[in-house]
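Student: Predicted structure and sequence below. I'll ask about it afterward.
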Amino acid sequence: MNAPPACHKIMLQKKSNKIFPFITLVKTPGTLHDVMIFILGAIPVFCITSIIGINPSVAAFLVALVVFFEYLRRRQYFKIKKISLLNIIFLFVLNFGAGYFIIGSGVSVFYIPFTIIPMLVTILFGELIVSMLLTIASAVCVAALIGNSFALLLIFLTSGIISVILVFGVRRRITVIRAGFLLGLIQAGVLFLLNHFKMINSGAYVILIANGFASGIIVLGILPLFEYLFKTITNITLLELADFNQPLLNRVMLEAPGTYHHSLIVGNLADAASRSIGANALLARIGAYYHDIGKLQKPEYFSENQKLTDNKHDTLAPNMSKMIIMNHVKEGVEMAQKYHLSPQIIEFIEQHHGNSLVYYFYRRALERLEEDQGIKEEGFRYPGPKPNSKETAIVLLADAVEAATRTLKEPTAGRIEEVVHKIINNKFIDGQLDECDLTLKDMERISSVFVRVLGGMYHPRVDYPDHKHQTE
């Protein structure tokens, strides 16, 4: 791939911090204002721990974890940019609150469903470090509620850490159920070790095993609720959306077969490219499946669904044609909202063209231009926004590359490579990748993957001799 000019740089989108001021860390460390914000954030933590009778050192520990979390988040350590500290604190409060309520009610502490929140965080966000931090914070605080119980701390830490590992990257519901059962056995095993290999109070072991199994079932039950609350999407939901019996995908398959085939190829390209740079391949594939659902409103106006000799745009003015073409993004978003698709899938629909120019109809408009008329390029650009993640950027590139290579009369390896490099360079120079965090090295890898996958699709076949001629 021909490298773009050195003056062009991949720009990082700076998100505004939308968490409460009392837990907002400094943007420019070292100022008096920043120190005041930090102090205001720490005071409520110390007050709450003092009220409920927890040692102040636990509050200091929690503040340190918050500082560490924000340090990592601000330096874009996490793959998912939308992880909010407020969401993590909310989940911590749920875990701590459940422990506080159960301990206060006088029942056995082994009834505390500690592993629910670590599993939930791992499935929702897919970030091991976030899950580990939450597990450590919750285990220390709950153990502090019952006199700094070291035994309880070990049980919760062990089960919490293992629960995170067991459900990381989970794609099937049965895996969560199996993880819950294993966690119950692990909790009982840790208690057995703490009792020096003696079966003391057999009821506690039964409670711990049942606790783990029940936790897995509860996680599956509440997962859709937290997906909705946090505006995120899990691998389990993504795989459900991949079912072509889903109403929208089924409609695309039946009413716009050309768009359906195009979306499949874009999905394959996006999946392979995402794997090559460490992005979320499953999210990119499913986003590609749904990115063009807006074409269902007027499928016959898009080239992949037209008959060879019938082009609806031949009788339309360029302005009318570009309105129909550009409107498929808006209509796609409306359809996605109507069918209650996740905001993360809707982003693919909104961003798969960025604010690119509808070049074909812009050129047609220029060709029909009168001397006293003027055509503004901005009027022929999609409304955007530009892709703000690696996955949406990859789908934008895959969409453009697939459409361009389809027009090649003789798709040789050299021509495919030339078209792929040209498309990616043009999108880069046009600024379509300014708001995502793709690097030049990422784009090199994406380009290589596109060339390889498309080369496999358009490879030449052997021209077999006619059977009749062969028999003669």
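Tutor: Everything's here; your move.
Student: List the residue ranges of the protein that fall below the pLDDT cut-off.
Tutor: Scanning the chain with the threshold set as pLDDT under 70 gives 1-41, 79-82, 308-309, 370-374, 461-464, 466-472.
Student: OK, contacts around the residue positioned nearest the centre of it?
Tutor: The residue lying closest to the centre of the chain (CA atoms, centre = their mean) is L283, at 5.7 Å. Contact partners of L283, counting by CB atoms under 8 Å, 6 or more residues apart in numbering, are I233, L238, S274, Q344, E391. Backbone N, C-alpha and C define where each C-beta goes, glycine included.
Student: What of V164?
Tutor: Residues counted as contacts of V164 (CB under 8 Å, 6+ apart) are P118, M119, V121, T122, L128, S131, M132, T135.
Student: Make CSV out of those and add distance to R171.
Tutor: As requested, those are exported to CSV (distance: CB to CB, whole Å):
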residue, distance to R171
P118, 18
M119, 14
V121, 17
T122, 13
L128, 17
S131, 17
M132, 21
T135, 22
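Student: In TSV, list the residues you listed along with distance to Q337 and neighbour count.
Tutor: Below are the contacts of V164 laid out as TSV (distance: CB to CB, whole Å; neighbours: other CB atoms under 10 Å):
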residue	distance to Q337	neighbour count
P118	32	32
M119	30	28
V121	27	28
T122	29	27
L128	33	15
S131	31	28
M132	36	18
T135	36	28
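Student: TSV for those residues, including distance to M335 and secondary structure?
Tutor: What follows is the contacts of V164, written out as TSV (distance: CB to CB, whole Å; DSSP: H, G, I helix; E, B strand; the rest coil):
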residue	distance to M335	secondary structure
P118	36	helix
M119	33	helix
V121	32	helix
T122	32	helix
L128	36	helix
S131	35	helix
M132	39	helix
T135	40	helix
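Student: for these, which one is nearest N87?
Tutor: Distance to N87 across the contacts of V164 (CB to CB) is lowest for V121, with 9.0 Å.
Student: follow-up on the earlier one: tell me the one of the contacts of L283 nearest Y360?
Tutor: E391 (27.0 Å).
Student: quick one, strands of this structure?
Tutor: Using DSSP state E, no strands are found in the chain.
Student: any idea how it splits into domains?
Tutor: 80-230, 235-457 (automatic domain parsing).
Student: Span of the longest one from start to end?
Tutor: Start and end residues of domain 235-457 are separated by 28 Å (CA to CA, to the nearest Å).
Student: now the longest helix seen in the chain: how far from the chain's centre is it?
Tutor: Among the segments of the chain that qualify as a helix by DSSP state H, the longest is helix 202-230. Per CA atoms, centre = their mean, to the nearest Å, the displacement of helix 202-230 from the mean C-alpha position of its chain is 24 Å.
Student: cool, stretch 424-431 as well?
Tutor: So, by CA atoms, centre = their mean, the centroid of stretch 424-431 is 24 Å from its chain's centroid.
Student: Now it: buried residues?
Tutor: I424, N425, N426, K427, F428 (16 or more other CB atoms under 10 Å).
Student: Can you show me the CA trace of stretch 363-370 as PDB?
Tutor: Extracted in PDB, the C-alpha atoms of stretch 363-370 (Å, rounded to 0.1, in the frame of the first residue of the first chain):
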ATOM      1  CA  ARG A 363     -20.100  14.200 -11.300                       C
ATOM      2  CA  ARG A 364     -23.500  13.800 -13.100                       C
ATOM      3  CA  ALA A 365     -24.700  17.100 -11.500                       C
ATOM      4  CA  LEU A 366     -21.500  18.900 -12.700                       C
ATOM      5  CA  GLU A 367     -22.000  17.500 -16.200                       C
ATOM      6  CA  ARG A 368     -25.500  19.000 -16.400                       C
ATOM      7  CA  LEU A 369     -24.400  22.300 -14.800                       C
ATOM      8  CA  GLU A 370     -25.500  25.500 -16.500                       C
END
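Student: what's next to it, contact-wise?
Tutor: A317, P318, N319, S321, K322, I375, F380.
Student: So which bits of that stretch are buried?
Tutor: Buried residues in stretch 363-370 (16+ other CB under 10 Å): R364, A365.
Student: how much space between A59 and L154?
Tutor: A59 is 22 Å from L154, where distance means CB to CB, to the nearest Å.
Student: ok, back up a step: next, format the contacts of L283 as TSV and append neighbour count and distance to N55.
Tutor: Formatted as TSV, the contacts of L283 follow (neighbours: other CB atoms under 10 Å; distance: CB to CB, whole Å):
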residue	neighbour count	distance to N55
I233	21	40
L238	20	43
S274	25	46
Q344	22	41
E391	27	44
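Student: right, and the pair among these with maximum separation?
Tutor: I233 and S274 (15.1 Å).
Student: P385 reaches E350, doesn't it?
Tutor: Yes. P385 lies in contact with E350 (CB atoms under 8 Å); the separation is 6.4 Å.
Student: Of the two, which one has the most company?
Tutor: E350 (23 against 14; other CB atoms under 10 Å).
Student: Now do the contacts for that one.
Tutor: Counting by CB under 8 Å, 6+ apart, E350 touches V329, V333, G384, P385.
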